[in-house]
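Undergrad: predicted model and sequence follow; I will ask about them next.
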Amino acid sequence: MFENIFNQKKVLVTGNSGFKGSWLTLWLRNLGSEVHGISYMPPSKTNMFESLGIENKIESFHKLNIAENQYEVNKIVNIINPDFVFHLAAQPLVSVSYQDPLFTIKTNVLGTANILSSIKDLKKEVTSVIITSDKCYDNLELERGYNEKDLLGGKDIYSGSKGAAELIIKSFYNSFFKNHEYKSTVVSARAGNVIGGGDWGKDRIIPDAVTSWNKNKKLSIRNPLSTRPWQHVLEPISGYLTLASKLYLDKNLNGENFNFGPNGTSNKTVKDLIDKLSKRWGFKEESDSYSIRHTDDFHEAGLLQLDCSKANNILNWKPNLSFDQMINLSADWYKEFYDTNDLEGMVLASENQIKNYIKIAKGKNYSWTK
């Protein structure tokens, strides 16, 4: 399905130097898309985008802070003149939002507005998926999954900025995209924290683990019994691609928003995650891989789970991987990265993980693989 939609199409990915953006770029490249990127800077010193030389594998790359210069954003978007836009550019960390709240708000709110403003002025049909976060919801510590009709908000700056971005998307839809002259469309996609190879983000459990273990050090973890809805990075990306494809074919989805999250069986503790990961890494005893510390560096919400029934029912999308499969894909990617200096080999390894993911989905007869 994806090949028929994205082949030979011009696709703009903002935030393409990020973790999700790098994986999405590789997937689109394999679909035959002409990929263009806008990104301010990679999210960490070591990062997938630079380590795999992804900049040299796409049509164009523009280093730009999308929140600072609307004229430049508009100029670049006009030059690219994309058929599809995936907007992922963001300040993605709760911890950083405490350190630099204004940068977080500018990037996540004004940056989103600048991209949408540029898209609406293009004199062609453009299909856009704007990615926000599960933290756009006002987390009331409910046990049930949050659905697309729940209240937006948040108790920290990051969550507030994502809730505000959703309001900006809604207002742009109603003001400009609901009856766009050239039939351009826009939707939002909400997903939670993801894991997988290529992530070295700050204060993230798997990057911290593999970095420590590669240096023959124990991982120091806090709150080992905290439960999280773990999700491999390729899961929401398959959702974004499915959503864009369906929107391209069905304009009635214009203005909608969709959750992309794991099923309840992926709700595991931090300890569960590290135990599985350390075993795959090669530790004989899980306890040899980590020690426990207790700290309250910043407020962190409890379990925030998404109800993805809307994506299931309307898009025929659902999570693909088991907990063990996502752990194995993650550990294997990092092991190969640290064991080799072969840039092209890591590109191939990443592409093979995408193909393996698709193969698993085809075995389950998922509709987006047809």
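TA: It's in. Owing to the predicted nature of the structure, the values given are computational and were not obtained by experimental measurement.
Undergrad: is it true that residue 228 lies in a helix?
TA: No. Assessed with DSSP: H, G, I helix; E, B strand; the rest coil, residue 228 is strand; it does not lie in a helix.
Undergrad: do I have it right that it meets residue 274?
TA: No. Under the criterion of C-beta atoms under 8 Å, residue 228 makes no contact with residue 274, lying 11.8 Å away. Just so you know, the C-beta spots here come from the backbone N, C-alpha and C atoms, and that holds for glycine as well.
Undergrad: between the two ends of stretch 140-160, how far is it?
TA: Taking C-alpha to C-alpha, to the nearest Å, stretch 140-160 runs 14 Å from one end to the other.
Undergrad: kindly provide the whole-number mean pLDDT of it.
TA: Across stretch 140-160, pLDDT averages out at 90.
Undergrad: which other residues reach it?
TA: 91, 93-94, 96-98, 101, 104-105, 108, 133-139, 162-163, 166-167, 190, 256-259, 261, 298-299, 301-310 (C-beta atoms under 8 Å, 6 or more residues apart in numbering).
Undergrad: so which of these belong to helices?
TA: 94, 96-98, 101, 104-105, 162-163, 166-167, 309-310 (DSSP state H).
Undergrad: what's the closest of these to residue 176?
TA: In terms of C-beta to C-beta, no member of these lies closer to residue 176 than residue 167, at 14.7 Å.
Undergrad: sorry, back to before: from the contacts of stretch 140-160, list the buried ones, please.
TA: 91, 93-94, 96-97, 101, 104-105, 108, 133-139, 162-163, 166, 190, 256-259, 261, 301, 304-308, 310 (16 or more other C-beta atoms under 10 Å).
Undergrad: any low-confidence regions in the stretch 151-300 of the chain?
TA: 294-300 (pLDDT under 70).
Undergrad: show me where it has helices.
TA: For the stretch 151-300 of the chain, applying DSSP state H, counting those that start in this stretch gives helices covering 157-172, 205-214, 234-249, 270-281.
Undergrad: those helices into JSON lines, with extra columns for distance to residue 35?
TA: As requested, the helices of the stretch 151-300 of the chain are exported to JSON lines (distance: least, C-beta to C-beta, whole Å):
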{"stretch": "helix 157-172", "distance to residue 35": "23"}
{"stretch": "helix 205-214", "distance to residue 35": "25"}
{"stretch": "helix 234-249", "distance to residue 35": "13"}
{"stretch": "helix 270-281", "distance to residue 35": "31"}
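Undergrad: mind checking these for the one nearest to residue 340?
TA: Nearest of these (C-beta to C-beta): helix 205-214, 12.8 Å.
Undergrad: check which residues of that closest one are buried.
TA: 205-210, 212-213.
Undergrad: nearest to residue 72 among those?
TA: With C-beta to C-beta as the yardstick, the closest approach to residue 72 among the buried residues of helix 205-214 comes from residue 207, at 31.3 Å.
Undergrad: what's the closest one in contact with, if anything?
TA: 44, 199-201.
Undergrad: if you set the cut-off to 7 Å instead, what comes out?
TA: 199-201 (C-beta atoms under 7 Å, 6 or more residues apart in numbering).
Undergrad: name the nearest residue to it, sequence neighbours excluded.
TA: Excluding the flanking residues, the one nearest residue 207 by C-beta to C-beta, 6 or more residues apart in numbering is residue 200, at 4.6 Å.
Undergrad: look up how far residue 70 lies from the one you found.
TA: Here residue 200 is placed at a distance of 31 Å from residue 70 (C-beta to C-beta, to the nearest Å).
Undergrad: now do the strands in the chain.
TA: 10-14, 34-39, 60-63, 84-87, 127-131, 185-191, 219-222, 227-229, 257-260, 267-269, 290-293 (DSSP state E).
Undergrad: re the thing from before, tally of neighbours for the residue nearest to residue 207?
TA: 20 (other C-beta atoms under 10 Å).
Undergrad: again with the one 3 residues further on
TA: Other residues within reach of residue 203, judged by other C-beta under 10 Å, total 14.
Undergrad: same thing with residue 63?
TA: 11.
Undergrad: repeat that for residue 46.
TA: Residue 46: 13 neighbours (other C-beta under 10 Å).
Undergrad: then residue 123?
TA: Using other C-beta under 10 Å, residue 123 has 10 other residues around it.
Undergrad: OK, contacts around the spatially closest residue to residue 262 that is not a sequence neighbour?
TA: Nearest non-adjacent residue to residue 262, counting by C-beta to C-beta, 6+ apart: residue 231, 4.3 Å away. Counting by C-beta under 7 Å, 6+ apart, residue 231 makes contact with 192, 194, 261-262, 266.
Undergrad: the same query, at a cut-off of 10 Å, please.
TA: 134, 191-196, 260-263, 266, 306, 319, 321, 326 (C-beta atoms under 10 Å, 6 or more residues apart in numbering).
Undergrad: how about residue 200?
TA: Counting by C-beta under 10 Å, 6+ apart, the residues that residue 200 touches are 19, 42-48, 51, 206-208, 210-211, 334.
Undergrad: turn the contacts of residue 207 into TSV, columns for distance to residue 1.
TA: Converted to TSV, the contacts of residue 207 look like this (distance: C-beta to C-beta, whole Å):
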residue	distance to residue 1
199	27
200	32
201	31
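Undergrad: what is the nearest of the residues you listed to residue 278?
TA: Distances from residue 278 to the contacts of residue 207, taken by C-beta to C-beta, are shortest for residue 199, at 17.1 Å.
Undergrad: what's the distance between the nearest residue to the closest one once chain neighbours are set aside and residue 125?
TA: Distances taken as C-beta to C-beta, 6+ apart place residue 19 nearest to residue 199, at 4.5 Å, with adjacent residues excluded. For residue 19, the distance to residue 125 (C-beta to C-beta) stands at 30 Å.
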